[in-house]
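>>> the following block contains a protein sequence and its predicted model.
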Amino acid sequence: MIGIILLIVVVVLVVLVIGIYNRLVALRQNCNQAFADIDVQLKQRHDLIPNLVETVKGYAAHEKGTLEAVIQARNAAVTAERTGDPKAMGQAEGMLGAALGRLIALSEAYPDLKANTNFQQLQAELSDIENKLAAARRFFNNAVGEYNTAREQFPAALFANAFGFGPRTFFDVGEENRATLDQAPQVKFS
């Protein structure tokens, strides 16, 4: 009788551990998918920026400093993306967002540039990507929050580290860049 009770307890514990493991795997996959979504949006953003800069160059040749700052920020963001570190990527993307804001502000000083259909199209695409990127960041951070919470709750906390489920880092753009990235670029054509 004691053997049967012991066997039932062991089976229940094994089923519990398997359930915890599977839940953590699913949450980790959600984090990976959400990070991949951010990666896709960042690649689109990085591909769009050179076209935007080239369009602006023709109209604002003497604004070389702003254009170079955008290019440098883009290159830093691409480099940070290769590391796969959400914190480094967030900081680099924050700097890129601030530089893009200055680039978009240039259009106000050049009425001919604002009227250029290529610039308008690129600016609209950038605004769309920025909105999608903000949503992807929110989704990723939510997935990371759920994952970290699940791995720290009892009884998962007893097994998480042993099964290789370490904590995940949020995609944080840094305080100095947060205000710039929390809003979509201002698109004004009037």
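Arrived safely, thanks for sending.

>>> show me the contacts for Thr66.
Contact analysis of Thr66 by C-beta atoms under 8 Å, 6 or more residues apart in numbering lists Ala60, Ala99, Arg102, Leu103, Leu106. For the C-beta atoms, the positions are set from N, CA and C on the backbone; glycine is no exception.

>>> could you report the pLDDT at it?
On the pLDDT scale, Thr66 is placed at 79.

>>> how near is the residue lying closest to Asn116 once chain neighbours are set aside to Tyr110?
Nearest residue to Asn116, sequence neighbours excluded (C-beta to C-beta, 6 or more residues apart in numbering): Thr55, at 6.7 Å. As for Thr55, its distance to Tyr110 is 11 Å (criterion: C-beta to C-beta, to the nearest Å).

>>> those two: which is more packed in?
Ranked by neighbour count (other C-beta atoms under 10 Å), Thr55 and Tyr110 place Thr55 first, with 19 against 16.

>>> I'd say that one and Phe119 touch.
Yes: contact criterion C-beta atoms under 8 Å: Thr55 and Phe119 qualify, at 4.9 Å.

>>> what do these two both touch?
Common neighbours of Thr55 and Phe119, using C-beta under 8 Å, 6+ apart, are Leu113.

>>> just the ones of the contacts of Thr66 in helices?
Residues of those located in helices (DSSP state H): Ala99, Arg102, Leu103, Leu106.

>>> now render these as JSON lines, adding neighbour count and distance to Leu6.
Formatted as JSON lines, these follow (neighbours: other C-beta atoms under 10 Å; distance: C-beta to C-beta, whole Å):
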{"residue": "Ala99", "neighbour count": "23", "distance to Leu6": "65"}
{"residue": "Arg102", "neighbour count": "16", "distance to Leu6": "70"}
{"residue": "Leu103", "neighbour count": "23", "distance to Leu6": "70"}
{"residue": "Leu106", "neighbour count": "17", "distance to Leu6": "75"}
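
>>> from those, pick the one nearest Pro86.
Ala99 (20.2 Å; C-beta to C-beta).

>>> for the closest one, give me its contacts.
Applying C-beta under 8 Å, 6+ apart, we find Ala99 in contact with Thr66, Ala69, Val70, Gln72, Ala73, Arg74.

>>> just the buried ones from the residues you listed?
Neighbour counting over the contacts of Ala99 (16 or more other C-beta atoms under 10 Å) leaves Thr66, Ala69, Val70, Ala73, Arg74 as the buried ones.

>>> circling back: the helix or strand hosting the residue nearest to Asn116 packs against which elements?
Element membership for Thr55 (DSSP states H and E) is helix 2-59. Counting contacts by 3 or more C-beta pairs under 8 Å, 6 or more residues apart in numbering; DSSP states H and E, helix 2-59 packs against helix 64-83, helix 86-109, helix 111-115, helix 117-152, helix 156-159.

>>> low-confidence bits of the chain, can you list those?
For the chain, applying pLDDT under 70 flags the ranges 59-62, 114-115, 174-190.

>>> okay, now the nearest residue to Arg137 once chain neighbours are set aside: neighbour count?
Ranked by C-beta to C-beta, 6+ apart and with sequence neighbours excluded, the top spatial neighbour of Arg137 is Phe171, at 5.2 Å. Neighbourhood size, Phe171 [other C-beta under 10 Å]: 21.

>>> okay then, goodbye and thanks.
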